[in-house]
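A.B. asks: Dropping the sequence and predicted coords here.
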Amino acid sequence: MPDRPTSSSGRPFAGRPSSSRSGPRSPGRGRPRSSGSSRPARPAPPSDLELALDAAAEAVAAEPTPADVTFASLGLPDRLVSALARRGMSAPFAIQTRSIPDALSGRDVLGRGATGSGKTLAFGLPLLTRLIGGSRRRGAPRGLVLVPTRELAQQVQDALAPLAQALDLKVMSVYGGASMGRQIDQLRRGVDVVVATPGRLKDLIEQRECTLDAVQVTVLDEADHMADLGFLPAVQELLDQTGPGTQRLLFSATLDRGVDRLVRQYLTDPAVHAVATAASRVTTMDHRVWAVQHDAKSEITAEVASRPGRTLIFVRTKHGADRLAITLRKSGVEAGAIHGNLTQHARKRALDDFTSGHARVLVATDVAARGIHVDDVDLVVHYDPPADHKDYLHRSGRTARAGASGTVLSLVTSDQVREHQRLRERAGVEASAQSVVPGHPAVREVAVSGEPIVLGPRSVSVARPSGERRTGSGRDRWSGGTSSSGRSPRPVRTA
């Protein structure tokens, strides 16, 4: 009988036999109840995969990474270790310490790590190492990283490209909204690693400018978000175009919405590594709930947003993001907005302003926020309630990154109190609750919180000509942002 995949704690889980990468999908778990029931659906019991991930995280907590572990001791080549040192990185994070040796050995890896845990290098370093010494073919990358958004594609490329250069490897990103002609030109000249959103990569394959038959290592990053955006069929189609012996590394915060089936279908005897359980991800956050009157929400938010620290505010709709950002700017708060109706140029400008401190406040919708990875966000505000407990955890995870602390504040009106309480219970979150009005002592306390930080350089960008045609598949064409109003912001410290 073939071995079962095991976690870093040694606990096996029931999975597809390791002798086959294909075959029928496993039946889904946690399907919603019939709409005829008036009771809310009970949470599905954890799958064996989830239990293995939790066991792996518990093993990490019980046996912290030894202080003497280095990138060199993990088996990475000297040139790569030197490149990491030049960038100020000498000690690996826990997820890197656990997963890199297995990935270097050629094993498939299933990983889970909270935002800021270092998972990009956890898959990126072994990916680059395993490609050393190979030859480039026109339009035929040997490494593939699939990501859900163009912003994450750019972030992964920015992290890996300088390290790849030290190994004489080339990394490029492929996503909608950017020049397809330029991407085709890079592919024709030959690259080693392509970091891609599924939609644009499919477009390039259909135009015969890219083939996946030479791929040796495939990475799926934020697989749960790809499921959220409906990309799993495209992901499966792309994985089917890689060879049967391709190494696969999959990282995901959750295993529902089809990710569980993806793991069982495409990963063979994976090593399982995790550095945080679903519950432990919220332990470094101070969760607060304020009961507010609906007509006072924007005034209270403006008071809170005037704080010197960096603040991220979540709303439900695109129009709501624009309206709130305008309201905040009218009250003297430098605020940008980010949502799916805005251009890539505008979204990049908003993120750059937020990162540099020229806009200390960013108002975001849930989908757009998946591309936000900014340090020193010490306050997250749920202006509108999230759709479910997982969105609550994802939103909240924009603060308290990499072990830092942060505050999560929910503004709840009288008709939302009961539902929000159920949501927090499912998220495993305990929160302090109180009723507030504008000027309340609790509001004033938050309004002066956060360490003032020094202003960073402002990005210089060229506006898109009004007649320029947008390129790329609509399957991954969400982006946008707004710049701040031009008023002089308070000093802030860059991340």
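C.D. replies: Thanks, I have the structure now.

A.B. asks: Outline the domain layout of the chain.
C.D. replies: Here the domain parsing of the chain from automatic domain parsing is 6-274, 280-476.

A.B. asks: Give the buried residues for stretch 319-326.
C.D. replies: Residues 320-322, 324-325 are the ones in stretch 319-326 that count as buried (16 or more other CB atoms under 10 Å). C-beta coordinates here come from the backbone N, C-alpha and C atoms, glycine included.

A.B. asks: related to what we said a few turns ago, any chance of JSON lines for the domains of the chain, columns mean pLDDT?
C.D. replies: Formatted as JSON lines, the domains of the chain follow (pLDDT from 0 to 100):
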{"stretch": "domain 6-274", "mean pLDDT": "84"}
{"stretch": "domain 280-476", "mean pLDDT": "82"}
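
A.B. asks: before we move on, the earlier item: save the buried residues of stretch 319-326 as TSV, and put in secondary structure and distance to residue 379 too.
C.D. replies: Formatted as TSV, the buried residues of stretch 319-326 follow (DSSP: H, G, I helix; E, B strand; the rest coil; distance: CB to CB, whole Å):
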residue	secondary structure	distance to residue 379
320	helix	19
321	helix	17
322	helix	21
324	helix	15
325	helix	16
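
A.B. asks: Would you map the strands across the stretch 51-200 of the chain?
C.D. replies: 109-112, 143-146, 171-174, 193-196 (DSSP state E, counting those that start in this stretch).

A.B. asks: Show me what the third one is packed against.
C.D. replies: Spelled out, it's strand 171-174. helix 150-165, helix 180-189, strand 193-196, helix 198-206 (3 or more CB pairs under 8 Å, 6 or more residues apart in numbering; DSSP states H and E).

A.B. asks: Could you rerun that using 7 Å?
C.D. replies: Contact analysis of strand 171-174 by 3 or more CB pairs under 7 Å, 6 or more residues apart in numbering; DSSP states H and E lists helix 150-165, strand 193-196, helix 198-206 as its packing neighbours.

A.B. asks: And those: which comes nearest residue 360?
C.D. replies: With distances scored as CB to CB, the stretch of those nearest to residue 360 is helix 150-165 (20.1 Å).

A.B. asks: can you give me how far the closest one is from the chain middle?
C.D. replies: Distance, stretch centre to chain centre, for helix 150-165: 14 Å (CA atoms, centre = their mean, to the nearest Å).

A.B. asks: Show me which residues of it are buried.
C.D. replies: Neighbour counts over helix 150-165 (16+ other CB under 10 Å) mark 150-157, 159-161, 163-164 as buried.

A.B. asks: How about residue 111: what's its closest non-neighbour residue?
C.D. replies: Of all residues not flanking residue 111 in the chain, residue 251 sits nearest, at 4.4 Å (CB to CB, 6 or more residues apart in numbering).

A.B. asks: next one: residue 89
C.D. replies: With CB to CB, 6+ apart, the residue lying closest to residue 89 is residue 71, at 7.4 Å.

A.B. asks: For the one you found, give its distance to residue 326.
C.D. replies: In this view, residue 71 and residue 326 are 47 Å apart by CB to CB, to the nearest Å.

A.B. asks: got it, and residue 254?
C.D. replies: The gap separating residue 254 from residue 326 is 34 Å, by CB to CB.

A.B. asks: got it, and residue 208?
C.D. replies: Residue 208 sits 46 Å away from residue 326 when distances are taken as CB to CB.

A.B. asks: so what's the residue nearest to residue 89 up against?
C.D. replies: Going by CB atoms under 7 Å, 6 or more residues apart in numbering, residue 71 touches 81, 84, 92.

A.B. asks: Correct me if wrong: the first one contacts residue 74.
C.D. replies: No - in this structure, residue 81 is not within contact of residue 74 by CB atoms under 7 Å, at 9.1 Å.

A.B. asks: residue boundaries of the helices in the stretch 1-150 of the chain?
C.D. replies: Using DSSP state H, counting those that start in this stretch, the helices assigned to the stretch 1-150 of the chain run over residues 48-62, 78-86, 94-104, 119-130, 150-165.

A.B. asks: Adding distance to residue 181, write these out as a markdown table.
C.D. replies: Conversion of the helices of the stretch 1-150 of the chain to a markdown table gives the following (distance: least, CB to CB, whole Å):
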| stretch | distance to residue 181 |
| --- | --- |
| helix 48-62 | 42 |
| helix 78-86 | 31 |
| helix 94-104 | 34 |
| helix 119-130 | 27 |
| helix 150-165 | 17 |
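
A.B. asks: Tell me which of the ones you listed lies nearest to residue 231.
C.D. replies: Nearest of those (CB to CB): helix 150-165, 12.2 Å.

A.B. asks: Kindly calculate the angle that that closest one makes with helix 78-86.
C.D. replies: 120 degrees (axes from the mean of the first three to the mean of the last three CA atoms, to 10 degrees).

A.B. asks: sec struct for residue 384, please.
C.D. replies: Here residue 384 is recorded as coil under DSSP: H, G, I helix; E, B strand; the rest coil.

A.B. asks: ok, residue 99 - contacts?
C.D. replies: In this structure, residue 99 makes contact with 109, 111, 122, 273, judged by CB under 7 Å, 6+ apart.

A.B. asks: Check the gap between it and residue 437 for me.
C.D. replies: According to CB to CB, residue 99 stands 49 Å off from residue 437.

A.B. asks: Ok, residue 238 next?
C.D. replies: Residue 238 sits 53 Å away from residue 437, taking CB to CB as the criterion.

A.B. asks: Among those two, which residue is more densely surrounded?
C.D. replies: residue 238 (21 against 13; other CB atoms under 10 Å).

A.B. asks: after the strand or helix carrying that one, next one along is what?
C.D. replies: Assigned by DSSP states H and E, residue 238 belongs to helix 232-239. Moving toward the C-terminus from helix 232-239, the next helix or strand (DSSP H and E) is strand 247-251.

A.B. asks: list the buried ones in that next one?
C.D. replies: Within strand 247-251, the residues scored as buried using 16+ other CB under 10 Å are 247-251.
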